[in-house]
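*Asks:* coords please:
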Amino acid sequence: MYNKIAVIGDKDSVLAFKAVGVEVFDAVNAEQAQNLIKKLSLGDYAVVFVAENLAEQIPEVLSRAKLRTFPAVVPIPTTSATSGFGMQGIKADVEKAIGVDILFNK
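*Replies:* As a prediction, the model looks like this:
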């Protein structure tokens, strides 16, 4: 049963998630994030949030994750400046699902 939520990123960016019961995994580079996603994909995780700065470096892993039902792998902004990578992915997924851009109307 898929009932767990995890977040992967640097300690400063993900520590707050621990306070709300999310399992936190520290990763400071793309290789660590990739290995954690593979490991967590074998567990009972419904959602794995990945720090945006790490997610940008592993697009092939994110593409493979989209082919699976669980876990949903979702890039999220971190405490540092955001590049918009996570929002671009969400926008593309919404457009693909419903055929129009309802988020930005562009």
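
*Asks:* tell me the backbone dihedrals of the spatially most central residue of the chain, please.
*Replies:* Most central residue of the chain, judged by C-alpha distance to the mean C-alpha position with Cα atoms, centre = their mean, is Val74 at 2.7 Å. For Val74, the backbone dihedrals (degrees, to the nearest 10) come out as phi -120, psi 120.

*Asks:* bridged to it, which residues?
*Replies:* Beta bridges link Val74 to Phe49 when assigned by DSSP bridges.

*Asks:* need the contact list for it.
*Replies:* 47-50, 86, 89-90 (Cβ atoms under 8 Å, 6 or more residues apart in numbering). Every residue, glycine included, has its C-beta placed from N, CA and C.

*Asks:* adding pLDDT, write these out as JSON lines.
*Replies:* What follows is the contacts of Val74, written out as JSON lines (pLDDT from 0 to 100):
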{"residue": "Val47", "pLDDT": "93"}
{"residue": "Val48", "pLDDT": "94"}
{"residue": "Phe49", "pLDDT": "92"}
{"residue": "Val50", "pLDDT": "94"}
{"residue": "Gly86", "pLDDT": "68"}
{"residue": "Gly89", "pLDDT": "71"}
{"residue": "Ile90", "pLDDT": "70"}
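
*Asks:* now, the most widely separated pair of these?
*Replies:* Using Cβ to Cβ, the contacts of Val74 reach their maximum pairwise distance at Val48 and Ile90, which is 15.1 Å.

*Asks:* and those two? which has more neighbours close in?
*Replies:* In this view Val48 and Ile90 are compared by other Cβ atoms under 10 Å, and Val48 has more residues nearby, 24 against 12.

*Asks:* what's the burial count for the closest residue to Ala55 other than its chain neighbours?
*Replies:* Counting by Cβ to Cβ, 6 or more residues apart in numbering, Ala55 lies nearest to Pro75, which is 3.7 Å off, once chain neighbours are set aside. By the criterion of other Cβ under 10 Å, Pro75 has 24 neighbours.

*Asks:* how much space is there between Gln34 and Leu40?
*Replies:* Separation of Gln34 from Leu40 (Cβ to Cβ, to the nearest Å) stands at 11 Å.

*Asks:* likewise for Leu54?
*Replies:* Separation of Leu54 from Leu40 (Cβ to Cβ) stands at 14 Å.
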